[in-house]
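Participant: Sequence and computational prediction follow.
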Protein chains: 2
Amino acid sequence: MLPDRGYVMPQPETLAPAGAFSDVERAAVYRAIHTRRDVRSQFLPDPIAEEVLARLLLAAHHAPSVGFMQPWNFIVIRSARVKAGVRAAFARANDEAAAMFPDERRALYSALKLEGIVEAPINLCITCDRSRGGEVVLGRTHNRDMDLYSSVCAVQNLWLAARAEGIGVGWVSIFHEADIRGILGLPEGVVPVAYLCLGRVAELHSEPELQVRGWRQRLNLEDLVFDDKWGRKANTQDEPAG
Amino acid sequence: MLPDRGYVMPQPETLAPAGAFSDVERAAVYRAIHTRRDVRSQFLPDPIAEEVLARLLLAAHHAPSVGFMQPWNFIVIRSARVKAGVRAAFARANDEAAAMFPDERRALYSALKLEGIVEAPINLCITCDRSRGGEVVLGRTHNRDMDLYSSVCAVQNLWLAARAEGIGVGWVSIFHEADIRGILGLPEGVVPVAYLCLGRVAELHSEPELQVRGWRQRLNLEDLVFDDKWGRKANTQDEPAG
């Protein structure tokens, strides 16, 4: 596999035509993007078919990764005992979290349902093995976090594929990392990037739930776009509408 | 907007039916996922239409974000001067990177084209404003990096939408962060998560370019999937095929 020093670059014989999708296909991709939700309450108890789960994991595995490092692993959790342990770790952290909010936000915070760990038929931890690919990884020489970012791309691929499959996904992040590491037996150097709850859904919110609940509103896209430099709005009239 | 302490949770009136997509739609989502590539060499000089760019940015803006924080900004770079500065920053870092690889890899590394900064009609920096949403952000109380991960989700949304639009995307990560900060004038607390090159493409590699070039092969998905705990392969016979 390893080329010699005087390596001659192989011709890119794998180039294939690749233009825009048809209107119907393109609309489907945007439908997945725009109707994807973070699900906490809508999980049905129905099992997820093995072939559906296999397609979701394959989608995650086809995420971009720095230096083709593929730093991810997928821990598929079906055990009620493991879920209960994770749920307890969440509850402890969430009590701490509630205490961090100012009085006027705390009641709403505590009323929000922020996870569906036990109800979701499958939990999935997507990790990042920071040592995969050896000491020096192409593209990670100047930004050590690129491997974590690769694992996040795998999360988002899976999330969009899940939307198309009628599977809801919720990302639970309110944990002490040490608790998750212990419960799942992660070795040193393996980071739990995302703890996800997966289950079939028949309904989803048409807007993000935190907006529906009055927690926070969607920002105006126009305000977030700059031209050539931070803060510059030179082409304001040409800017894409939010 | 802010509810009082004795807040009564509004009924989720925005729930709408949301099952699986049709076979055609689902296939389109998987087509985007499986045929997306990191593009360095296939950019056409054709401009990207404003309405296409607007759709891509809107897709990015609909990524999941911790606590609906929406920490991203989008710096759209068309200036040849800015691109030239970024290209020079890349060249400096890439020379350093090449020197980090062992002798037997260095010739191949140096022969790889790893960016299309100047050829791509549009460069796009997606940032993360770490202070957006205030001191305490829902879901970020125990993992401070969740905001960075949100910006990465925006990158992946845009990347898949771009594939459907016939736009290639390349993520360039070989920079000293300070160089990019300086060139783009990023304020303190704003992190350049991804520097992307965007342009129309007529062809793409059918496999990741680093595989085509003999740098690294795709791992076997089966080897990356565990059951309930790191390293456990209890249900081997039921596992999804790679």
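Facilitator: Alright, I've got the coordinates. Numbering: from 1, shown residues only, chains lettered A, B, ... in the order given.
Participant: Could you use CA atoms for every contact and neighbour count after this?
Facilitator: Will do.
Participant: Give me the neighbour count for residue A:23.
Facilitator: 10 (other C-alpha atoms under 10 Å in any protein chain shown).
Participant: do you know how far it is from residue B:97?
Facilitator: According to C-alpha to C-alpha, to the nearest Å, residue A:23 and residue B:97 sit 42 Å apart.
Participant: What of residue A:111?
Facilitator: Going from residue A:111 to residue B:97 by C-alpha to C-alpha gives 50 Å.
Participant: Looking only at neighbour counts, state which of the two leads.
Facilitator: The residue with more neighbours, out of residue A:111 and residue B:97, is residue B:97; 22 against 12, by other C-alpha under 10 Å.
Participant: Who are the contact partners of the more buried one?
Facilitator: Residue B:97 makes contact with A:138, A:141-142, B:174 under the criterion C-alpha atoms under 8 Å, 6 or more residues apart in numbering or on different chains.
Participant: so which helix or strand takes in it?
Facilitator: Remark: residue B:97 resides in helix B:80-100, with elements defined by DSSP states H and E.
Participant: nearest residue to the residue positioned nearest the centre of chain A other than its sequence neighbours?
Facilitator: In chain A, the C-alpha closest to the average C-alpha coordinate belongs to residue A:155, at a distance of 3.2 Å (C-alpha atoms, centre = their mean). Nearest residue to residue A:155, sequence neighbours excluded (C-alpha to C-alpha, 6 or more residues apart in numbering or on different chains): residue A:60, at 6.3 Å.
Participant: contacting residues around that neighbour?
Facilitator: So residue A:60 contacts A:153-158 (C-alpha under 8 Å, 6+ apart).
Participant: in stretch A:86-94, what's buried?
Facilitator: Buried residues in stretch A:86-94, counting neighbours by 16 or more other C-alpha atoms under 10 Å in any protein chain shown, are found at A:86-87, A:89-90, A:93-94.
Participant: mind checking the SS state of the residue nearest to residue A:155?
Facilitator: What DSSP: H, G, I helix; E, B strand; the rest coil gives for residue A:60 is helix.
Participant: quick one: pLDDT of it?
Facilitator: With respect to pLDDT, residue A:60 scores 98.
Participant: One more: residue A:14?
Facilitator: 87.
Participant: ok, it - contacts?
Facilitator: B:205-207, B:212.
Participant: one more time with 6 Å, if that's ok
Facilitator: Taking C-alpha atoms under 6 Å, 6 or more residues apart in numbering or on different chains, we find residue A:14 in contact with B:205-206.
Participant: any weak-confidence spans in chain A?
Facilitator: In the predicted model of chain A, residues A:1-13, A:234-242 satisfy pLDDT under 70.
Participant: ok, the residue nearest to the centre of chain A to residue A:58 distance?
Facilitator: 11 Å.
Participant: And for residue A:121?
Facilitator: Note on residue A:121: its distance to residue A:58, by C-alpha to C-alpha, is 19 Å.
Participant: Spell out the residue ranges of the helices in chain A.
Facilitator: Applying DSSP state H to chain A gives helices spanning A:23-35, A:50-61, A:80-100, A:103-111, A:146-165, A:177-184, A:209-212, A:221-224.
Participant: The last one and chain B, are they touching?
Facilitator: Read it as helix A:221-224. Yes. Between helix A:221-224 and chain B, judged by C-alpha under 6 Å from any C-alpha of the partner chain, the touching residues are residue A:224.
Participant: For that helix, buried residues please.
Facilitator: Across helix A:221-224, burial judged by 16+ other C-alpha under 10 Å covers A:221-222, A:224.
Participant: Would you tell me which strand is longest in chain A?
Facilitator: strand A:190-200 (DSSP state E).
Participant: first vs last residue of stretch A:106-123, how far apart are they?
Facilitator: Its start and end residues considered, stretch A:106-123 measures 28 Å (C-alpha to C-alpha).
Participant: repeat for stretch A:205-218
Facilitator: One end of stretch A:205-218 sits 14 Å from the other (C-alpha to C-alpha).
Participant: Also stretch A:60-79?
Facilitator: Termini of stretch A:60-79 sit 22 Å apart (C-alpha to C-alpha).
Participant: What number of residues are in the vicinity of the nearest residue to residue A:205 once chain neighbours are set aside?
Facilitator: Distances taken as C-alpha to C-alpha, 6+ apart put residue B:15 closest to residue A:205, at 4.3 Å, once the chain neighbours are dropped. For residue B:15, the count of nearby residues is 16 (other C-alpha under 10 Å).
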